[in-house]
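show me how the following folds:
(2 chains)
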Amino acid sequence: MEGKVFRGFKVEANEFISMYDFESLNHNYYVIDFLESEGKCDEDECPFSSCNLCGELDEVIITNPPDVPIIYPGNGGGGSPPSGDPLPNLPGGGGGGANDGSCPPGEIKDELGNCIEPPEDGGVYIIGECPDDGDDGLSMAGVCLELKCPDGFYKNFEGDCILTESCATNDEIINSQSIQSAFEDLWESSGALSPDIPMESRLEDGGWIIQNGGSYEFVSFDSSWTRTPCGIDPPENWTSTIPSNLIGVVHTHPFYLGEDRRSICDRAEEEYIGGPSDEDYFFLTQVMNEVNDYNLLGYIVDGDLITSFDFTRTINLQTYQRCGY
Amino acid sequence: MKPILYSLIALFYLTTNGQESEKKCPPEFPYGKLKIELFLTVHDSKYRQKSGTLNEKKSQIKLVSNLKECKALRFYIAQNKIYRELNEKITDEETIYFYKTSNFFYVFWNYKPEFYRPKMGSTKPFVVINNDLSQSWLFYL
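Prediction:
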């Protein structure tokens, strides 16, 4: 598959029912293909028989169906496309329902016209109205939808729902449950849980990673440190706040790869590319000088990656797919 | 009459002080030589390939202190729309910095030494200019 594609699976009773491919164009999603499970391909045992994409698909193993990754403008019980719409026919069941605007956001109308919570077994239904600016909205046949990721997923800058993975890296600090938990807290306090959140309301946040015995702990930077979307500015006496047993420093970049930060960060580049800046490196080296320990590690947590770096700036730089938050 | 007089004095002060700073070369940045060294040694080699700085040596890194060179660099920055806009965005606590190696100049912006202390922040523009001022490249470091 090529391009910005969001793939949704419909699963009932842990059995694969169907698959939808949505193409993202300016954050609007269009169904570009629909595949029903009708058996298996003879050649490569692709689970999507009639699919002309068999040769292009990797093995798909569904162990735990995502709650609601599929959004489609259903017309009641069946979830079929509106008449005249170029979309392929969709199967009935598994949700359906519609919100004509009279239900609260996040609820749908059932067949009797009552507003109800959408089903949790996966399915196809309308979940809300398009925002005013049309961003992240799907507008088809006059119906506006909004893409939201289910629990356990996060939305990246492309608008794709990505499964939040637990950390299994070659870095035992990142793998530590307490540090994963700290990263999750930091990401939440950074206010960047979704690319939809305005950049001006996000903040860099961070703290110290210390080691006590065999366990790692996180200590937040003092509240006197000034946090902005584009940096963290310690006060003059910042060195007095460095804890003992320090092994690393972590801070967030509350952005997603590709985001344009120029409206919020002075003289920033057109697209956020992740990783530490020279300023982040100079800060780490200053901490190293203060504690006389040049084995300290720096960590950057952003919307897509965790990056670690050391005194070599880039030579030992490691990037990991976002995990634990 | 007094308001006009005060305005004239203020204008004279601002003008002369502005000219004064233009007549001087920028100061040394606390991490200036390290910043250039990072660019020449450990940053993405594509940057050095693109700018032709692959053979520049870190032992050659110097602060630009020749007034003619500083003036020429200021003029170059002012003549380029992108760099001029970057330069116009600096605050009273910030300044432009000039460094050089044998065949290139390096220009970046940061806090004045008296206002600088290490802080975490986003990448900033870094301009590489060849020594005859005929070509330049903009990176974010």
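
got the residues of chain A near chain B?
When proximity is defined as Cβ under 8 Å from any Cβ of the partner chain, chain A approaches chain B at A:204, A:206, A:230-234, A:236, A:238, A:251, A:253, A:261, A:265-269, A:273, A:277-283, A:285-286, A:312-315. Just so you know, the C-beta spots here come from the backbone N, C-alpha and C atoms, and that holds for glycine as well.

can you pull out the helices in chain B?
B:2-23, B:32-41, B:45-51, B:67-79, B:81-88 (DSSP state H).

out of the residues of chain A next to chain B, which sit inside strands?
Using DSSP state E, A:206, A:231-233, A:251 are the members of those that sit in strands.

poorly predicted segments of chain B, please.
B:1-22 (pLDDT under 70).

ok, now which ones touch the residue nearest to B:P27 when sequence neighbours are not counted?
The shortest distance from B:P27 to any residue other than its chain neighbours is 5.6 Å, reached at B:P113 (Cβ to Cβ, 6 or more residues apart in numbering or on different chains). Contacts for B:P113 were tallied using Cβ atoms under 8 Å, 6 or more residues apart in numbering or on different chains; they are B:27-30.

what does A:R227 give?
A:203-205.

near chain A, which residues of chain B?
Close to chain A, as judged by Cβ under 8 Å from any Cβ, chain B has residues B:31, B:34-35, B:38, B:42-44, B:86, B:89, B:109, B:117-125, B:140-141.

give me the nearest residue to A:G275, chain neighbours excluded.
Per Cβ to Cβ, 6+ apart, closest to A:G275 is A:T307, 4.8 Å.

hang on, that neighbour is in a strand, isn't it?
Yes - according to DSSP: H, G, I helix; E, B strand; the rest coil, the state of A:T307 is that of a strand.

that one against A:R322, yeah?
No - A:T307 is not in contact with A:R322 according to Cβ atoms under 8 Å; the separation is 10.4 Å.

and the lowest mean pLDDT element among the helices and strands of chain A?
Averaged element by element with mean pLDDT, DSSP states H and E, chain A has its least confident helix or strand at strand A:28-36 (a mean of 46).

the helices in the stretch 151-300 of chain A, which residues?
A:172-175, A:177-189, A:278-291 (DSSP state H, counting those that start in this stretch).

dump the first one to CSV, keeping only the CA atoms.
Presented in CSV, the C-alpha positions along helix A:172-175 are these (Å, rounded to 0.1, in the frame of the first residue of the first chain):
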residue,chain,number,x,y,z
GLU,A,172,16.5,-0.5,30.1
ILE,A,173,15.8,2.9,31.3
ILE,A,174,13.0,3.3,28.7
ASN,A,175,11.8,-0.2,29.4
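
tell me the helices and strands packed up against it.
For helix A:172-175, the elements it packs on are helix A:177-189, strand A:297-301, judged by 3 or more Cβ pairs under 8 Å, 6 or more residues apart in numbering or on different chains; DSSP states H and E.

please identify the deepest-packed of these.
Highest mean neighbour count of these: strand A:297-301, a mean of 24 (counted as mean count of other Cβ atoms under 10 Å in any protein chain shown).

tell me where the model's unsure across the stretch 101-250 of chain A.
The low-confidence ranges in the stretch 101-250 of chain A, as defined by pLDDT under 70, are A:101-147.

and the residue of the stretch 51-200 of chain A closest to chain B?
A:M199 (11.5 Å; Cβ to the nearest Cβ).

spit out the contact partners of that residue.
Contacts of A:M199 (Cβ under 8 Å, 6+ apart): A:229, A:254-255, A:259, A:261, A:263-264.

what about stretch A:267-276, how long is it end to end?
16 Å (Cα to Cα, to the nearest Å).

list the buried residues for that stretch?
Neighbour counts using 16 or more other Cβ atoms under 10 Å in any protein chain shown place A:267-269, A:272, A:274-276 of stretch A:267-276 among the buried residues.

what is the nearest of these to chain B?
Once Cβ to the nearest Cβ is applied, the member of these that ends up nearest chain B is A:E269, at 3.9 Å.

burial of the closest residue to that closest one other than its chain neighbours, as a residue count?
Sequence neighbours aside, B:Y140 is the residue nearest to A:E269 in space, at 3.9 Å (criterion: Cβ to Cβ, 6+ apart). Neighbours of B:Y140 under the rule other Cβ atoms under 10 Å in any protein chain shown: 18.

correct me if wrong: B:Y140 contacts B:F126.
Yes - contact criterion Cβ under 8 Å: B:Y140 and B:F126 qualify, at 6.8 Å.

buried set for stretch A:223-233?
Applying 16+ other Cβ under 10 Å to stretch A:223-233 flags A:225, A:227-233 as buried.

between the residues you listed, which is nearest A:G303?
A:G303 lies nearest to A:P229 out of those, by Cβ to Cβ, at 12.7 Å.

quick one: contacts for the closest one?
A:199-200, A:202-204, A:254, A:261, A:264-265.

could you single out the nearest of those to chain B?
Nearest to chain B among the contacts of A:P229, with distances taken as Cβ to the nearest Cβ, is A:C265, at 4.7 Å.

chain neighbours aside, what residue packs nearest to that closest one?
That would be A:C230: by Cβ to Cβ, 6+ apart, it lies 3.8 Å from A:C265.

swap in A:G303?
Leaving out its chain neighbours, the residue that sits closest to A:G303 by Cβ to Cβ, 6+ apart is A:Y256, at 3.5 Å.

now that neighbour: how far from A:G159?
Applying Cβ to Cβ, to the nearest Å, the value for A:Y256 to A:G159 is 10 Å.

just A:S190 next, same as before
20 Å.

try A:E184
22 Å.

what do you get for A:L186?
Taking Cβ to Cβ, one finds A:L186 at 24 Å from A:G159.

swap in B:P30?
B:P30 is 42 Å from A:G159, by Cβ to Cβ.
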